[in-house]
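A.B. asks: sequence isn't available, so here's the structure alone:
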């Protein structure tokens, strides 16, 4: 079973995505901020990380930067989630080797699941 870490601080979004991922038969691990996400990623080594950009305690880009310092984390497959159409944030995270990004307001759950499948397939 493929393992996905979902790092998202917004409860409604986290729960909806976690349910959709579980329905697709993925093992889902959730975290509510970047520090929890980093700890979970380094402990569980998920097949894919869905990582929100704006979160409390540690942002997604900060978590990604720290993740890339780890031997396992430097090659982890990461899809960034963002609520804003912020091209600078997206460009900066692409430079850190993300496989894709999702602007949450512009994508349905079905489209997000398609991006998850594509990212896992190419990982």
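C.D. replies: Yep, it's here. The structure presented is a predicted model; accordingly, all values stated were derived computationally and were not measured. Numbering: from 1, shown residues only.
A.B. asks: so residue 112 belongs to a helix, correct?
C.D. replies: Yes - under DSSP: H, G, I helix; E, B strand; the rest coil, residue 112 sits within a helix.
A.B. asks: doesn't residue 101 make contact with residue 79?
C.D. replies: Yes - using C-beta atoms under 8 Å, residue 79 is in contact with residue 101, at 6.6 Å. C-beta: built from backbone N, CA, C; applies to glycine.
A.B. asks: and residue 30, how many neighbours?
C.D. replies: 18 (other C-beta atoms under 10 Å).
A.B. asks: check it and give its pLDDT.
C.D. replies: Note on residue 30: pLDDT of 98.
A.B. asks: how about it: what's its closest non-neighbour residue?
C.D. replies: In space, and not counting its chain neighbours, residue 30 is closest to residue 6: 4.9 Å by C-beta to C-beta, 6 or more residues apart in numbering.
A.B. asks: what secondary structure does that neighbour sit in?
C.D. replies: Under the three-state scheme (three-state DSSP), residue 6 adopts strand.
A.B. asks: next: residue 28.
C.D. replies: strand.
A.B. asks: isn't it right next to residue 21, touching?
C.D. replies: Yes - at 4.8 Å, residue 28 counts as touching residue 21 under the criterion of C-beta under 8 Å.
A.B. asks: which residue is nearest the centroid of the chain?
C.D. replies: Centroid check for the chain by C-alpha atoms, centre = their mean gives residue 50 as the closest residue, at 1.4 Å.
A.B. asks: now that one: how far from residue 102?
C.D. replies: Distance, residue 50 to residue 102, using C-beta to C-beta, to the nearest Å: 8 Å.
A.B. asks: shared neighbours, those two?
C.D. replies: Listed as contacting both residue 50 and residue 102 by C-beta atoms under 8 Å, 6 or more residues apart in numbering are 79, 81.
A.B. asks: dihedrals phi and psi, residue 50?
C.D. replies: phi -100, psi 120 (degrees, to the nearest 10).
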